[in-house]
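In: sequence first, then the predicted structure, then my questions.
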Amino acid sequence: MRGPDPYAFAAGYYDLFRAKLGDEALPSVSFFTEFAPSDGYALEIGPGTGRATLAVAAKVAGLVCLERSATMRAVLLAKLAERPHLQARVTVLDVAVPPFRLDRRFDYAYFGGVLEHIRPADRPHLFRAVADHLADGGLLAMDMVLRQPAPDFPERVVDEVTVGECRYELAAAATALGPDESQLTYIYRTFHEDRLLATEKVERRHNMHRPEPVLADLAAAGLAPAPGLVFAGVSAEDPGGVVVRKEASA
């Protein structure tokens, strides 16, 4: 769905805070790379700065990325510029979802950290669009299918990183608007030798997606869990990963 770029200035901070966590950072790069078919063709929705993109691209024959944020696309393309061996495999398109239409089908599709931006009413349209672009037997992987309550907490500092003489601080707050929706606020502060230089704020809606309705919408789109390929998170530490396969008749 097209709208204001929520990462107009925040894209530069995105990897800064996640790099600190290494392989434990979410979305999980290893989770989405695990299901990527060697020498197959993949579709990524919402690649952001390309944390998972680079790992998946190293494994598949070709990868198409749909990213509506101009600043996120710029960061991803800058990373690809430093990796000439991946440039022929990765196509980055300015496309918002849902809906979308490409003249090809893929063996694998995935989106990490994306469902929170999708309204529940738009979820069936997203799943159908993905199913339409999957080859029979193709896999779809996602995260953020969770059971925990919608976030609700006062402003608090959640991370900070020091680079040279500058310290970058990330604070967050959440107000629950209902059982499956919150208003999130992220505040990025830049300090130089403890002097505040800049404060930048991002506000957006956060949508919760529960396992039962998600699996029902997937089934309606012809996407079914195969044995051992579905998991819905219960605790706040779980990424809520789900993997399904396109049925031949879908």
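Out: Yep, it's here. Computed from a predicted model, the values in this text were never measured in an experiment. Residues are numbered from 1 along each chain as shown.
In: for the rest of this, base every contact and every neighbour count on C-alpha atoms.
Out: Will do.
In: hang on, residue 150 packs against residue 205?
Out: No. In terms of Cα atoms under 8 Å, residue 150 does not count as a neighbour of residue 205; the distance is 11.0 Å.
In: least trustworthy helix or strand in this protein by mean pLDDT?
Out: Lowest on mean pLDDT, DSSP states H and E among the helices and strands of the chain sits helix 11-19, with a mean of 83.
In: in that one, what's buried?
Out: Residues of helix 11-19 classed as buried under the neighbour-count rule (16 or more other Cα atoms under 10 Å) are 11, 14-15, 17-18.
In: output those residues as CSV; include the columns distance to residue 86.
Out: As requested, the buried residues of helix 11-19 are arranged in CSV below (distance: Cα to Cα, whole Å):
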residue, distance to residue 86
11, 22
14, 22
15, 20
17, 25
18, 22
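In: so between residue 150 and residue 205, which is more surrounded?
Out: Regarding residue 150 and residue 205, a neighbour count based on other Cα atoms under 10 Å identifies residue 150 as having more, with 21 against 17.
In: returning to what we had before: how far is the least confident helix or strand of the chain from where the chain is centred?
Out: Counting by Cα atoms, centre = their mean, to the nearest Å, helix 11-19 is centred 14 Å from the centre of its parent chain.
In: quick one: contacts of the helix or strand that it is followed by?
Out: Proceeding C-terminally, helix 11-19 gives way to helix 29-34 as the next helix or strand, assigned by DSSP states H and E. With contacts defined as Cα atoms under 8 Å, 6 or more residues apart in numbering, helix 29-34 is touched by 23, 51-52, 55-56, 59, 110, 112, 141-142.
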